[in-house]
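[1] Next come a sequence and a model predicted from it.
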Amino acid sequence: MITTIIPCFKCANTIEATLNSVLNQGISSHVIALDDGSPDQTLEVLKTFEDRAQILTGPNQGVSGTRNKGIGLIQDDWVQFIDSDDLLAPDTWADRLACAEESGADVVVTDWADFTNDGQIAHGNLSQRSTDWARLHRAGAEVACATSFWAPPAAVLYRRWVVDKIGGFRTDLPIIQDARFLFDAALAGAKFAHVPKIGAYYRIADQSLSRSNPVKFWRDVLTNIRQIETLWQANGPLSNNEQEALLEVYSSAANSLLRCGDAAFKQAEDQVLRLGGTLNSKYRIGSKMAGLFGPSVTAALFQLGRTLPSHRK
């Protein structure tokens, strides 16, 4: 009924718990665990599950390429992607399938909880997190997924036709490929539905690319929103919601890349101005300083703070 795809890289210490959280759902699943050329004992741990999961291995190609190998092996009507250090909550598949049956949804998204170690889950004192459903209902799934609507892969269940239509994860967006996949589902016309209870546990790791390399993260964001704008432009004039979404993301990228001392801030700034937006005075001072002294020097000398630049029409 559900094909589960798990990309695995250097996860010998976590993959057993991840696989058990999938296999203990009590619902039939074709589990595909793909070792992405791990240099540790990951493959050895995976082999202990060969009687219950399909185990594949190959040279390292990144999380998107590895997931895409699994997509080519889908056998079921539903697809679950889960990272090798995250966990499914008990009985969450039953909740998601019941929600899909009732709502006719193609993408079912649960709430989730962030954790840093397995003991936190056992104590049951984690905060429940949800995504921006209000924006999805107000502005539509495409605009929401282009901006503030996100959930970890473990919290999302996709109908197979959606995955087939998207075709795979973007290998040119190594950090935010999962967010882009949600947008592509919305672009494909998928209907979204919400299970308002914890269905997944999302491990927070300091070594993740989004945390350890903010420049790469925000460059990914900039590349992604440019691609989304191109897709929207191909369908006709931008709607007010689409233009506001573009201004929001371009502004966030400009501010964040300037704070990081990366020259790509100017590319994002140019897009804000092209769309008729303006950036606040604090940002404009930083941008001028970057022109005089260079972005890296400016980032060290001028702390822009945490507030994102405002934009207005």
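    Arrived safely.
[2] residue ranges with poor pLDDT in this structure?
    Along the chain, segments meeting pLDDT under 70 span 206-211, 292, 297-298, 300-313.
[3] how about the strands in it?
    2-8, 29-36, 54-58, 78-81, 87-88, 107-115, 156-159, 192-203 (DSSP state E).
[4] Could you list the residues in contact with the second one?
    Pointing back at strand 29-36 there. 1-9, 15, 19, 22-23, 42-43, 46, 49, 52-58, 60-63, 65-67, 69-70, 73-76, 80, 84, 93 (Cβ atoms under 8 Å, 6 or more residues apart in numbering). Where you see a C-beta, it was placed from the backbone N, CA and C, and this is true even at glycine.
[5] Same question for stretch 11-28.
    Outside stretch 11-28, the residues touching it (Cβ under 8 Å, 6+ apart) are 1-2, 4, 6, 8, 29, 31, 33, 38, 40-42, 44-46, 48-49, 52-53, 80, 82-94, 97, 118, 203.
[6] first to last residue in that stretch, what's the distance?
    Stretch 11-28 has an end-to-end distance of 24 Å (Cα to Cα, to the nearest Å).
[7] how about the strands of the chain, which one is nearest residue 135?
    Smallest distance to residue 135 across these (Cβ to Cβ): 11.6 Å, for strand 192-203.
[8] Report the distance from that closest one to the chain centre.
    14 Å (Cα atoms, centre = their mean, to the nearest Å).
[9] so who does the residue nearest to residue 147 when sequence neighbours are not counted touch?
    Closest residue to residue 147 apart from its sequence neighbours, by Cβ to Cβ, 6 or more residues apart in numbering: residue 245 at 4.9 Å. Residues near residue 245 by Cβ under 8 Å, 6+ apart: 139, 143, 146, 147.
[10] Near the third one, how many other residues are there?
    If I follow you right, that is residue 146. As a burial measure, residue 146 scores 28 neighbours (other Cβ atoms under 10 Å).
[11] got it, and the last one?
    Neighbouring residues of residue 147 were enumerated by other Cβ under 10 Å; the total is 22.
[12] Please report phi then psi for it.
    When quoted as degrees, to the nearest 10, the phi and psi of residue 147 stand at phi -120, psi -90.
[13] re earlier: any of the contacts of strand 29-36 buried? List them.
    Buried residues within the contacts of strand 29-36, counting neighbours by 16 or more other Cβ atoms under 10 Å: 2-9, 15, 19, 22, 42-43, 46, 49, 53-56, 61-63, 65-67, 69-70, 74, 80, 84, 93.
[14] if I look at the residue nearest to residue 147, how far off is residue 148?
    Distance from residue 245 to residue 148, counting by Cβ to Cβ, to the nearest Å: 9 Å.
[15] just residue 220 next, same as before
    Taken as Cβ to Cβ, the span from residue 220 to residue 148 is 16 Å.
[16] More neighbours: which of the two?
    Neighbour count, other Cβ under 10 Å: between residue 220 and residue 148, residue 220 has more, with 23 against 16.
[17] Surely that one touches residue 171?
    No. The criterion here is Cβ atoms under 8 Å, and residue 220 misses it with residue 171 at 11.8 Å.
[18] so what are the domain limits for the protein?
    As assigned by automatic domain parsing, the chain contains the domains 2-203, 213-301.
[19] one step back: need the strands of the chain in JSON lines with distance to residue 131, can you?
    Supplementary listing: the strands of the chain in JSON lines, determined by distance: least, Cβ to Cβ, whole Å:
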{"stretch": "strand 2-8", "distance to residue 131": "21"}
{"stretch": "strand 29-36", "distance to residue 131": "24"}
{"stretch": "strand 54-58", "distance to residue 131": "31"}
{"stretch": "strand 78-81", "distance to residue 131": "16"}
{"stretch": "strand 87-88", "distance to residue 131": "17"}
{"stretch": "strand 107-115", "distance to residue 131": "7"}
{"stretch": "strand 156-159", "distance to residue 131": "10"}
{"stretch": "strand 192-203", "distance to residue 131": "8"}
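[20] That's all I had, so thanks and see you.
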